[in-house]
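*Asks:* based on what follows, work out the 3D shape:
(4 chains)
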2 protein chains.
Amino acid sequence: MVRYSSEHKQQTRDSIVREAAVELRRSGPDKVSVALIMKRAGLTHGGFYAHFDSKEALLQTALQWMFTDRQNYFAGLLQRYGQQQGLSRYIDAYLSDMHRNHPESGCPLPALGADVSRLPQALQQAYQDGVASILQTFSQALPEFFQTQREQVARSAFAELSGAILIARSIHCPQEAGQWLRSSRESLKARLQLPLDNPEGQDHVSATE
Amino acid sequence: MVRYSSEHKQQTRDSIVREAAVELRRSGPDKVSVALIMKRAGLTHGGFYAHFDSKEALLQTALQWMFTDRQNYFAGLLQRYGQQQGLSRYIDAYLSDMHRNHPESGCPLPALGADVSRLPQALQQAYQDGVASILQTFSQALPEFFQTQREQVARSAFAELSGAILIARSIHCPQEAGQWLRSSRESLKARLQLPLDNPEGQDHVSATE
DNA sequence: ATGTTTATATGATGGGCATCATATAAAGGT
DNA sequence: ACCTTTATATGATGCCCATCATATAAACAT
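*Replies:* Predicted coordinates for the structure are as follows:
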């Protein structure tokens, strides 16, 4: 009942990591179970320990993977559309209904932020490295205008981004949630000196979709 | 091994609710256990169902209680210091190290926001009512200046408040966390037209402490 | 003082979980 | 064709949990 070729194990491992990253954001660290992740990857729970030393080891890899994925997505936007347009599109996608409805492929901060401080040290570290990397990319993308205050502005703006999605996700009614997203979108565009609307083109939530 | 007078049951029930509200914010909805809450209230797990129909019923009451507590706290500040000073103090307390270090007595949004969408309908409703009530108080406290845009400004500002605490809590290093808090404090004071510093006086995190 | 009521305690029960021990079957060399 | 290796499956084990059944002992009425 098993078929595999020579490098299937690596592929299997990768798919376990991806499913873990999805399930982690969808269900939270306390509800994510090894058995469920394995099932999502098309396997049973028993083989898990042939791939990872522990659940914690898997989650650490999954965290790193999801931050890298987001980083690639953001960097891709900046490269394709330039700093100003790229940043503007990032904000639009971040505060979109799509992102609100799909935490499983979205930014880790609103999805996992509240749980991080209760996680084992190793996972906290992986998370913080990811946050630092996002902050750096974000502040570098800010208009020249802000000069030495770039980091400060980036922190403030990113706080609003993640808070707006956090709240929008906690509100059941789509219209009301949309008001929160729109309020922050307009506020951010204004204070970051960005144009309110973008040229045509689809915005994606993640580099993997 | 039990002592109680005539209305001790109500007192016991209240203390169960308070401990639940604390433990809910401290450990999250998935990790909070009936047995632990009862122990914190000085009881054992068995008597629980004499007070509540289910764990869910307790959590609903606890959610309502914590929002009411926060509401009282906020309204108290506004009444004692006036709208402008009260709002300014609220922001300072919200973005304080104290609030960062004590989610268990702080605002429910950064502590529970990520979990709400996975909770049973009844709990989501209780949560949303609380959010609506905070938003209303916040927008009414905003300077006249903003006129018809008060709600929009309030949403944007509250998103930044909760996002900043969310992120600051997820960062282990106190100095780095402090930078996130300071960045948002300054940004918010500026865009809400509030003075940067307050007259002397302690800021509290919650009405119950 | 004795018996009834009621608040809390002790001790199941059944389910989910992480982890591990062992079994099976595919790949690849011989 | 056979044997070894290796990727995955099956089936424990022991722990924690929500809920419930039953026991105990305080409070109160008589």
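
*Asks:* output the lowest mean pLDDT helix or strand found in chain A.
*Replies:* Counting by mean pLDDT, DSSP states H and E, chain A has its least confident helix or strand at helix A:8-27, which shows a mean of 93.

*Asks:* can you give the contact residues for it?
*Replies:* Helix A:8-27 has contacts (CB atoms under 8 Å, 6 or more residues apart in numbering or on different chains) with A:4, A:32, A:36-38, A:40-43, A:48, A:51-52, A:58-59, A:61-63, A:65-66, A:69, A:103-106, A:108, A:111-112, A:208, B:118. Any C-beta I mention is one placed from the backbone N, CA and C, and that applies to glycine too.

*Asks:* for stretch A:75-86, same thing?
*Replies:* Looking at what lies outside stretch A:75-86 - CB under 8 Å, 6+ apart - the contacts are A:87, A:89-90, A:93, A:137, A:140-141, A:143, A:194-195, A:198-199, A:207.

*Asks:* how about a cut-off of 7 Å?
*Replies:* Contacts with stretch A:75-86, where a contact means CB atoms under 7 Å, 6 or more residues apart in numbering or on different chains, come from A:89-90, A:137, A:141, A:143, A:194, A:198, A:207.

*Asks:* restricting to C-alpha, output stretch A:183-190 in CSV.
*Replies:* Only the C-alpha atoms of stretch A:183-190 are listed here, as CSV (Å, rounded to 0.1, in the frame of the first residue of the first chain):
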residue,chain,number,x,y,z
SER,A,183,-10.4,52.5,7.5
SER,A,184,-6.8,51.2,7.9
ARG,A,185,-6.2,51.1,4.2
GLU,A,186,-7.1,54.7,3.8
SER,A,187,-5.3,55.8,6.9
LEU,A,188,-2.1,53.9,5.9
LYS,A,189,-2.1,55.2,2.3
ALA,A,190,-2.4,58.7,3.6
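
*Asks:* what about the top helix by length along chain A, near DNA strand C?
*Replies:* Counting by DSSP state H, the longest helix found in chain A is helix A:55-94. Yes. Using CB under 7 Å from any atom of the strand, we find that helix A:55-94 touches DNA strand C at A:55-56.

*Asks:* that helix close to DNA strand D?
*Replies:* No. Helix A:55-94 does not reach DNA strand D (CB under 7 Å from any atom of the strand); its nearest approach is 12.3 Å.

*Asks:* center of chain A, which residue is that?
*Replies:* In chain A, the C-alpha nearest the mean C-alpha coordinate belongs to residue A:107, at 2.1 Å (CA atoms, centre = their mean).

*Asks:* host element of the closest residue to chain B within chain A?
*Replies:* Nearest residue of chain A to chain B: residue A:163, at 2.6 Å (CB to the nearest CB). Using DSSP states H and E, residue A:163 maps to helix A:150-170.

*Asks:* restricted to strands, list the contacts of helix A:8-27.
*Replies:* Assigned to strands by DSSP state E, none of the contacts of helix A:8-27 qualify.

*Asks:* now list the buried members of those.
*Replies:* A:32, A:37-38, A:41, A:43, A:48, A:51-52, A:58-59, A:61-63, A:65-66, A:69, A:103-106, A:108, A:111-112, B:118 (16 or more other CB atoms under 10 Å in any protein chain shown).
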